[in-house]
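>>> Would you be able to build a 3D model of this:
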Amino acid sequence: MQLPEPYFSRGFKPAVFVLALLPLALLGWGVWHDTLGANPIETITRSLGEWGLRFLLLTLLLSTLRRQIGWGQGLRLRRMLGLFAFFYGTLHLLSYLWLDQFFDWSEIGYDILERPFITVGMLAFVLMVPLAATSFKAAIRRLGRDWQRLHRLIYPLSVLGVLHFWWLADSKARTDMPLVYTVLLLALLGERLWQWRQQRQRQQR
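Numbering: from 1, shown residues only. Have a look, this model is predicted:
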C-alpha cells in the first residue's frame, strides 16, 4: 500500500502538515470570537494537551501500520507528527505556566509536588525534550545506534501522557476519552510485544 510519487511528497505530506495546524487555528478562532465556553483557559490548556497526546499516539500507530498493512510511507510522516506532539505539548505546558498560574513558581512547584497528574505531566514533557532535540538528520547521524535506544523513551513517555490525561480527567469525572487513549495505547504496545516475541522465537529456532 503506497501512494504514488510525487503525490505523496508534494500533496499528501503538506496536507498532513496543514491539518496538524488546524487545531491551533481553531483555538485561535475561538479566542477571537469568544466561543471557548465559560472557562476558556481550561479549554485551551486541555485541548492543546490532548492534541499533543493524539500526535504522540499517531507516531506509534505509523510503525504498526507499516508492519500490519505494509504502509511504509507512513514512516516518512513520523518525525513530523512527533515534532507536532512536542509542539502541542510545549504549548500545553506554556498555557498552564502562563494562563493558569501566571508564572507563579511557588504555586507551580507546589502543584508538581502535590498533584500527581501535574507531576507525571512534567515528567512526560522532560522525556519529550531529548526526543524532539534529536529528531533531525544531523543528530541521527551523530548518535548512530544510540539514536534508536534513546527514542525508545517514546514508550514510557506515552504511558505517562495517557496517565496524565487520565488522572486529570478522573478528577473531573470525564473518563470517556482517556479510556479510548488507554485502549489504543495498550493495543499499540501489545502489538510491539507480540512482534518482539515472534522475533525472539525465530532467533531461537
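
>>> how about low-confidence regions in this protein?
The model of the chain has pLDDT under 70 over residues 1, 170-175, 205.

>>> Just the CA atoms of stretch 187-195, as CSV, please.
This file holds the C-alpha atoms of stretch 187-195, laid out as CSV (Å, rounded to 0.1, in the frame of the first residue of the first chain):
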residue,chain,number,x,y,z
ALA,A,187,-3.1,-2.1,21.6
LEU,A,188,-0.1,-0.4,20.1
LEU,A,189,2.2,-1.6,22.9
GLY,A,190,0.7,-5.1,22.7
GLU,A,191,1.4,-5.3,19.0
ARG,A,192,5.0,-4.4,19.7
LEU,A,193,5.3,-7.0,22.4
TRP,A,194,3.9,-9.6,20.1
GLN,A,195,6.3,-8.7,17.4
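
>>> Tell me the gap between it and the middle of its chain.
Taking CA atoms, centre = their mean, to the nearest Å, the mean C-alpha location of stretch 187-195 is offset from the chain mean by 18 Å.

>>> Ok, stretch 108-118 next?
Remark: stretch 108-118 is offset 21 Å from the chain centroid, using CA atoms, centre = their mean.

>>> In which helix or strand does the residue nearest the centre of the chain reside?
Centrality entry for the chain: nearest residue to the mean C-alpha point is Leu56, 2.3 Å, by CA atoms, centre = their mean. For Leu56, the host element (DSSP states H and E) is helix 40-69.

>>> If we go by neighbour counts, what in that helix is buried?
Applying a neighbour-count criterion of 16 or more other CB atoms under 10 Å, the buried positions in helix 40-69 are 43-64, 66. (C-beta placed from N, C-alpha, C; glycine too.)

>>> for stretch 153-161, same thing?
Residues of stretch 153-161 classed as buried: Ile154, Leu157, Ser158, Val159, Leu160, Gly161 (neighbour count, 16+ other CB under 10 Å).

>>> tell me the contacts of the fourth one?
Okay, so that is Val159. If a contact means CB atoms under 8 Å, 6 or more residues apart in numbering, then Val159 has Leu185 as its contacts.

>>> Going by residue numbers, what spans are helices in this protein?
Taking DSSP state H, the helices of the chain run over residues 7, 13-33, 40-69, 75-94, 105-114, 116-133, 137-143, 145-150, 154-170, 176-204.

>>> tell me what the third one is packed against?
With contacts defined as 3 or more CB pairs under 8 Å, 6 or more residues apart in numbering; DSSP states H and E, the packing partners of helix 40-69 are helix 13-33, helix 75-94, helix 154-170, helix 176-204.

>>> Which one of these lies nearest to Glu114?
Minimum separation from Glu114 across the helices and strands packed on helix 40-69 (CB to CB) falls at helix 154-170, 12.9 Å.

>>> Output the closest one in CSV, but only the C-alpha positions, please.
Taking C-alpha atoms only, helix 154-170 is exported to CSV below (Å, rounded to 0.1, in the frame of the first residue of the first chain):
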residue,chain,number,x,y,z
ILE,A,154,8.5,7.2,23.5
TYR,A,155,7.1,4.2,25.3
PRO,A,156,7.3,5.4,28.9
LEU,A,157,6.5,8.9,27.6
SER,A,158,3.3,7.6,26.0
VAL,A,159,2.3,5.8,29.2
LEU,A,160,2.9,9.0,31.3
GLY,A,161,1.0,11.1,28.8
VAL,A,162,-2.1,8.8,29.0
LEU,A,163,-1.7,8.6,32.8
HIS,A,164,-1.5,12.4,33.0
PHE,A,165,-4.7,12.8,31.0
TRP,A,166,-6.5,10.0,32.8
TRP,A,167,-5.8,11.5,36.3
LEU,A,168,-6.8,15.0,35.1
ALA,A,169,-10.0,13.7,33.6
ASP,A,170,-10.8,11.5,36.5
